[in-house]
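*Asks:* I would like the atomic coordinates for the input below:
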Amino acid sequence: MRIGELAAAVGVTTRAVRHYHHQGLLPEPERLANGYRDYTLRHAVVLARIRRLTELGLGLAEVRDVLADDAGKDLAEVLSELDEDLARQEAAIRERRVRLRALLDAADGIPAEGPVSPWLSALFHDMAHLAADSPMAAKDREVLALIETTTAPEDRERLSAALGAAFESPEAVAQAAQVYALLDDLADVHPSDPFDPSDPSDPSDPSDPSDPRIEEAARAIAACLPRDLLPTDMTDQHSSFLRAFFADFAPAQAEAIRRALRILDEGRP
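*Replies:* Next up is the predicted model:
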């Protein structure tokens, strides 16, 4: 048989046959005088077995073990391991489908920052009217989605409780709205000195030190921000993140947030 006839008989492509030759799974046949490979029934038997094994999900290295005379594992052992692996994949797929269905079935729809967890989606729904009126509230939603994504699974319950408390009452929502308004008001405050908002060590003040709005916003943030969201180390370990974080805000806004973090850090037990 020619390679095309062999491939057609077994139901694979000629490219697959050549690949199996290259991987050492299918022995090379004798060549005719004209240089063409001359495949036998034995090649077809081996190729058919390779197809059956790969259709079960075995990798080529595992197929090689099964086909080798001195294989370290017998077929039953290889198939048992494959079955266990497929069971793990099946469980993971079920879990992903549950998460997808929760997103699709959410009464409030998928937020613009999605996909996020159901509890954060619900929180975004509660603060939707704030984001509609405040650029800072809209930015805060992006930051919250980032925090959730980078938080370890075992810490997400603590995170959800902390964020939920920040918006759990009309008074808390009104307090958050006030903070967003104060920060929005700082967007157009221009620095009077050269200032690098990405450098937490820059001693220069990003605005007129006599402007009370920065300190007012800082104290409002400190009163509103859940302490559980505060990094445990706001210096060395998180310096790169904080530099990028501050650089995303107007200089006066960044300074207000920086001062708020200092207030909270000084108040640690």
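*Asks:* tell me which element A181 falls in.
*Replies:* Using DSSP states H and E, A181 maps to helix 170-185.
*Asks:* Past that helix, which element shows up next along the chain?
*Replies:* Heading C-terminal from helix 170-185 (DSSP H and E), you reach helix 212-224.
*Asks:* And that next one, how far out from the chain middle?
*Replies:* 32 Å (C-alpha atoms, centre = their mean, to the nearest Å).
*Asks:* what does stretch 50-66 give?
*Replies:* With C-alpha atoms, centre = their mean, you get 32 Å for stretch 50-66.
*Asks:* now do stretch 167-176
*Replies:* 29 Å.
*Asks:* coming back round to it: what does the helix holding A181 contact?
*Replies:* With contact meaning C-beta atoms under 8 Å, 6 or more residues apart in numbering, helix 170-185 is reached by 126-127, 130, 134-137, 140, 165-167, 213, 216-217, 220-221, 223-224, 253, 256-257. No exception for glycine: its C-beta is placed from N, CA and C like everyone else's.
*Asks:* So which residues of the protein form strands?
*Replies:* 30-31, 37-38 (DSSP state E).
*Asks:* now those strands in TSV, with mean neighbour count and distance to A181?
*Replies:* Listed next are the strands of the chain as TSV, based on neighbours: other C-beta atoms under 10 Å; distance: least, C-beta to C-beta, whole Å:
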stretch	mean neighbour count	distance to A181
strand 30-31	9	82
strand 37-38	15	78
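*Asks:* closest to R156 out of these?
*Replies:* Nearest of the strands of the chain to R156, taken as C-beta to C-beta: strand 37-38 at 58.3 Å.
*Asks:* Point out where the stretch 1-150 of the chain drops to low pLDDT.
*Replies:* Counting by pLDDT under 70, the stretch 1-150 of the chain shows low-confidence ranges at 69-73, 103, 106-114, 131.
*Asks:* what residues are up against R31?
*Replies:* R31 neighbours (C-beta under 8 Å, 6+ apart): R37, D38.
*Asks:* from here on, count from 35
*Replies:* Understood, numbering begins at 35; the last thing we discussed is R65.
*Asks:* Just give me the neighbour total for H56.
*Replies:* Look at H56: counted by other C-beta atoms under 10 Å, it has 9 neighbours.
*Asks:* Distance check, it against E62.
*Replies:* 10 Å (C-beta to C-beta, to the nearest Å).
*Asks:* Mind putting the strands of the chain into a markdown table with distance to A281?
*Replies:* What follows is these, written out as a markdown table (distance: least, C-beta to C-beta, whole Å):
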| stretch | distance to A281 |
| --- | --- |
| strand 64-65 | 66 |
| strand 71-72 | 63 |
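*Asks:* what's the spacing between the residue positioned nearest the centre of the chain and P149?
*Replies:* Per C-alpha atoms, centre = their mean, the C-alpha nearest to the average position across the chain is that of T183, at 5.9 Å. The spacing between T183 and P149, counted by C-beta to C-beta, is 10 Å.
*Asks:* Neighbours of A125, how many?
*Replies:* So A125, with other C-beta under 10 Å, has 10 neighbours.
*Asks:* sorry, that was for S114
*Replies:* Neighbours around S114, by other C-beta under 10 Å: 12.
*Asks:* Brilliant, that's me finished.
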